[in-house]
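Asker: Following is a predicted model, sequence given first.
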Amino acid sequence: MGSSIQSYQTYWYKDETFMSTAFKDYKEGANYYNLIIPRGMSTTYWISFRCITTNNNYCDFDIGYVSLGRVGACAMYFSTSVTFNGSYALFPIVTLNSSLIEGDATSGFSVK
């Protein structure tokens, strides 16, 4: 006899307006949007987070992406045994203390 598990919605989405204003250093007002989304609306890559989207009939297991200036998640596998094959590059995400990042949007950013 099979058993079932309860899945929980963990998907989240942030649009381009949110992304372009949310990544600021609280001390100096530096905008890190250009570090996360360096080519603006043409930046596209997978990002290292996973989540689950649920509905009444199935759930899907997602991986994060950046595309068109926004962050979202794309279904990779559905509980109905369907798979998805996306074509984004992989962009590693590393957490850094903001004091290690210097520069600006005009001249670019660097890590100390």
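Answerer: Received it, and whenever you're ready, just let me know what you need. Only a predicted model underlies this, so the values are computations on that prediction, with no experimental measurement involved.
Asker: Please, which helix or strand holds the residue nearest to Trp12 when sequence neighbours are not counted?
Answerer: Spatial nearest neighbour of Trp12, excluding adjacent residues (Cβ to Cβ, 6 or more residues apart in numbering): Cys51 at 6.8 Å. Just so you know, the C-beta spots here come from the backbone N, C-alpha and C atoms, and that holds for glycine as well. Counting by DSSP states H and E, the element that carries Cys51 is strand 44-54.
Asker: Toward the C-terminus, what is the element adjacent to that strand?
Answerer: That would be, after strand 44-54 and using DSSP H and E, strand 59-67.
Asker: for this protein, longest helix please?
Answerer: helix 16-22 (DSSP state H).
Asker: could I have the following helix or strand past that helix exported to PDB, CA atoms only?
Answerer: The element immediately downstream of helix 16-22 (helix or strand, assigned by DSSP H and E) is helix 33-36. Taking C-alpha atoms only, helix 33-36 is exported to PDB below (Å, rounded to 0.1, in the frame of the first residue of the first chain):
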ATOM      1  CA  TYR A  33      20.400  45.400  -8.600                       C
ATOM      2  CA  ASN A  34      23.200  45.700 -11.100                       C
ATOM      3  CA  LEU A  35      25.200  43.000  -9.300                       C
ATOM      4  CA  ILE A  36      22.300  40.600  -9.200                       C
END
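Asker: quick one: low-confidence ranges for this protein?
Answerer: 1-7, 24-31, 82-94 (pLDDT under 70).
Asker: how many neighbours does Ser98 have?
Answerer: With neighbours defined by other Cβ atoms under 10 Å, the count for Ser98 comes to 13.
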